[in-house]
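> Let's see this in three dimensions:
(chains A and B)
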Amino acid sequence: MADIVPFEIHLPDKLLEETKIKLKYARLDDGMASVEWNDLEVGHLKFKEVVEYWRDEYDWREFEAKLNKYNHFKTSVPVNGFDDIDLHFLHHRSIRPDAIPLIFVHGWPGSFLESLKIIPLLTEPSGDRQAFHVVAPSIPGYGFSGYCKKSGFGLEQHAECFANLMKKLGYDQYVCQGGDWGSSIVRYMALNHAKAVQAIHINMFLALPPDSNKSPEKHRRYVSNDFSEQEIKNLERTKWFATFERGYQRIQETKPVTLGYAFHDSPVGMLAWFAGKLKAWTDNYSWTPEEPIHWAFIHYQGSPSAAMQIYKEAEAVLNENSSSMLGRYISQPVGGSLFPNEVCFMSRFCFTYWLFLHQLWLYPREWMEETCNIQFWKQHKSGGHFIAWERPEALCADITEFYNKTGPVFGQ
Amino acid sequence: MADIAPYQISVSDAQIEDLNARLALAKFPDELDQAGWDLGSPLADVKRLVAYWKDSYDWRKAEAKLNEFPHFTTSIQADGFDSLTIHFVYRKSNVENAIPLLFVHGWPGSFHEGLKMFNKLVGGDGSKDPAFDVVIISLPNYGFSEGSKKRGFALEQYAEVCNKLMLKLGYREYVTQGGDWGFYITRAISLLYPQHCKATHLNFDYGTAPTWSQYPLLSLQHAIQPYTEREKQGLKRSKWFMDEGSGYRAQQSTKPQTLGYALADSPVALLSWIYEKLHDWTDNYPFTDDEICTWISIYWFSTAGPAATLRIYYEATHSWNDPKNKVTRERVGDWIDHVKIGYSHQPQELRVLPKTWIRKLGNVVFEHDSESGGHFFAFEEPDQLVKDVRDMFKKGGGAYGVITGRNGYNESAKP
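Modelled structure (predicted):
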């Protein structure tokens, strides 16, 4: 374990100074300042306030110090066919003797920040709730992790990277939790590293419509729009997402390089790209002025371009091929927590189905059951996409329920 | 005509210094090995262009060249919206019966695209070649025209502004030339003002397969005739555009402002965003660094700012699916009467469609398949486009004499 090195976050002064200068000279488009374009969700005036706050009051060093109260590490992780990844991760062990190792995987535009609120809840839970040792890596290209400059580093490689991390940390068996890209990465971990991954819990869901040959009854219900009320609500949410919210996804999965220059050169541009999503994808969460800046800056300081690469690479594995996770079956227990303001990610392939059939589709449980051994399925009445940040207690309650010693994974 | 004033482009020194200061602070990503063009503007190109733009490019020189053309501004108001200062380039031909022609650009184009053709079109001698009075408009939100500060400024409004400009210049009847949004806007003009707009020349393929119920002859033709080799290649190009090249418009049609902040704040962002199109949408046109910098600088220094240029995507797509509106996407792709259509087809256009699809737009009286050229045809091959337009309106051409009393010829020079 010699080369697992404790890591302290310290952004160079030069970067902080440069950012301040760029913010000072930010040219904010105000052509329709009196009009609230709802596409930015937060509105011009509000956005301007956040930019000014970042320029005048935001204190990165103060936040950095708070971040450094957590246990950060860096280590070199091999991935077959690629150079080793210089991986950043948090690692917090519980003092409870029966704690279960758990790896938490974030997505886009998230980061390891999403693990901060749940780490104490999982490592030091109240009462006799199940405790966990938590490992929270930065996906390669995010946070303080390095990344690969060779193309082809996709979801299966991310899964392999994290499986190798857990092995390096001495965890032969463990469980996973993931949302956004994390949900797909942990699914591949369960599929490709089945001996080590005992179970996974996810809060975002990707599925294909049921196949008419494999599951004729489900297929019949699908084509006749036979859904429950809640499923219909979920479908409406997906339709909203598909119609109004997918622009970023379409550009990120086709021309991320063209887009990336904007985020490397303009902190305002980076913040604007995130700000609307942070508001629209959560459920009435009161973002403080700092929080979107933390999120944007964690990306800005690294490589926003590298972070977007996952979209392009995912296309190679999210498709109709039998080797895709959408066609394989996870036999380990899978737990799902559905929060109403989730967005439903659709690969371009899945979207084609939607368009072609002029129908809505989302993730009725029985669709997910085609590819996952669903042993826990909870529909919540509130909460959104970044649930670990918005409502950490709600997520942790589900995690502990799913994984406790009397639950579907470890119970007799 | 009282408030039509001559105009000179005159960007302030402060704006130029500001641009250079931003370019000096430019920060760049790194790049995947062997990235090529697949994922977007290559790093080496962007770095080189940023350095050139900052250190070598001379905006004042470019500005002076642009100002060699006759620029004007005037106020035009679309109903329900504020009056806007509209910038345009305009010259009357020496030929008295010259045909009034309005050139309408798109995105990421500008008035600049029409300049290469301008002198030739105006300078038709009226005996061998028809002559034109040429108006090149900067659409609202582009170039040195103001932008709308109110929501809802959609295709009908762009068409209204164009029509009012031509009427203001004294042309009760006129013809148009357009591609990209210029296609949609001139189709809207055809729909809304058939008493004024008598012919449209288009260089942007658009349409869907003709249905049996609506266009039985074309539909039959489409069913029977196999696609030519050109049409097959064209469908491949069209598919590329839909699958790989449409991210920008998915974004711009739904969240223009989310992107707009980046384009307004970072000239590097703007450069990359547009440069990719200059490459992907043309037929290997050998852009010089000066041409690229002038193209992007017009966007950077534009009156309404770069973010405003995206709004047409949002406004048009949010209004054109509403069947209550006159100008809908469907309507624009269907037969429009009374307006003669001329078409130039380029192999590297974004959509290259079978001929039977195009011909349902209306009475197509002129067509030419170019061997080369792409989306920015007026910039890439101005001489060919001038020839096509002349061929459409010349004696014996499909749209000859379409304007009452103005056939483009010196009647006294008639043989």
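> make it CA atoms for all contacts and neighbour counts henceforth
Will do.
> nearest spatial neighbour of the residue nearest the centre of chain A, skipping sequence neighbours?
The centroid of chain A falls nearest to residue A:107 when counting by C-alpha atoms, centre = their mean (2.3 Å). Spatially, and ignoring its direct neighbours in sequence, residue A:107 is nearest to residue A:181 (4.4 Å; C-alpha to C-alpha, 6 or more residues apart in numbering or on different chains).
> quick one: the one you found from chain B, how far?
Using C-alpha to the nearest C-alpha, to the nearest Å, one obtains 20 Å as the distance from residue A:181 to chain B.
> Tell me which residues touch the residue nearest to the centre of chain A, please.
Listed by C-alpha atoms under 8 Å, 6 or more residues apart in numbering or on different chains, the contact set of residue A:107 reads A:139, A:179-182.
> And residue A:331, by the same measure?
Taking C-alpha under 8 Å, 6+ apart, we find residue A:331 in contact with A:372-373.
> What residues sit buried inside whichever strand or helix holds it?
Using DSSP states H and E, residue A:331 falls within strand A:330-338. By 16 or more other C-alpha atoms under 10 Å in any protein chain shown, the buried positions in strand A:330-338 come out as A:330, A:332-338.
> SS state for residue A:76?
Three-state call for residue A:76 (DSSP: H, G, I helix; E, B strand; the rest coil): strand.
> And for residue A:145?
Residue A:145 ends up coil, using three-state DSSP.
> Not counting its neighbours along the chain, what's nearest the residue nearest the centre of chain B?
Nearest residue to the geometric centre of chain B (C-alpha atoms, centre = their mean): residue B:105, 2.1 Å. Spatial nearest neighbour of residue B:105, excluding adjacent residues (C-alpha to C-alpha, 6+ apart): residue B:182 at 4.9 Å.
> Can you report how many residues lie near the one you found?
Residue B:182: 25 surrounding residues under other C-alpha atoms under 10 Å in any protein chain shown.
> returning to what we had before: which members of the contacts of residue A:107 are positioned in strands?
If you go by DSSP state E, those have nothing in strands.
> List just the nearest of the residues you listed to chain B.
Of all the contacts of residue A:107, residue A:139 has the smallest distance to chain B: 16.9 Å, by C-alpha to the nearest C-alpha.
> tell me the contacts of the closest one?
If you count contacts by C-alpha under 8 Å, 6+ apart, then residue A:139 has A:87, A:105-107, A:111, A:145, A:158 around it.
> before we move on, back to that, which single one of the buried residues of strand A:330-338 is nearest to residue A:169?
Within the buried residues of strand A:330-338, the smallest distance to residue A:169 is 22.0 Å, found for residue A:332 (C-alpha to C-alpha).
> which residues does that closest one contact?
A:190, A:194, A:197-200, A:372-373.
> go again using 7 Å as the cut-off
Taking C-alpha atoms under 7 Å, 6 or more residues apart in numbering or on different chains, we find residue A:332 in contact with A:198-199, A:373.
> just checking, which of these belong to helices?
Using DSSP state H, no member of those falls in helices.
> Looking at neighbours, which among the residues you listed is most surrounded?
residue A:199 (29 neighbours).
> So it versus chain B, what's the distance?
Distance of residue A:199 to chain B, given as C-alpha to the nearest C-alpha: 34 Å.
> Report the beta-bridge partner residues of that residue.
residue A:175 (DSSP bridges).
> Show me which residues of the stretch 301-412 of chain A sit near chain B.
Contact residues (C-alpha under 7 Å from any C-alpha of the partner chain) of the stretch 301-412 of chain A with chain B: A:303, A:305.
> Quick one: the strands in the stretch 301-412 of chain A, in order.
Secondary structure of the stretch 301-412 of chain A by DSSP state E, counting those that start in this stretch: the strands cover A:330-338, A:372-379.
> Any idea which of the ones you listed gets closest to residue B:406?
strand A:330-338 (68.6 Å).
> what angle separates that closest one from strand A:372-379?
10 degrees (axes from the mean of the first three to the mean of the last three C-alpha atoms, to 10 degrees).
> before we move on, what SS does residue A:233 have?
helix.
> any idea of the pLDDT on it?
The model reports residue A:233 with a pLDDT of 76.
> What separation do you get for it and residue A:328?
Using C-alpha to C-alpha, to the nearest Å, one gets 27 Å for the distance from residue A:233 to residue A:328.
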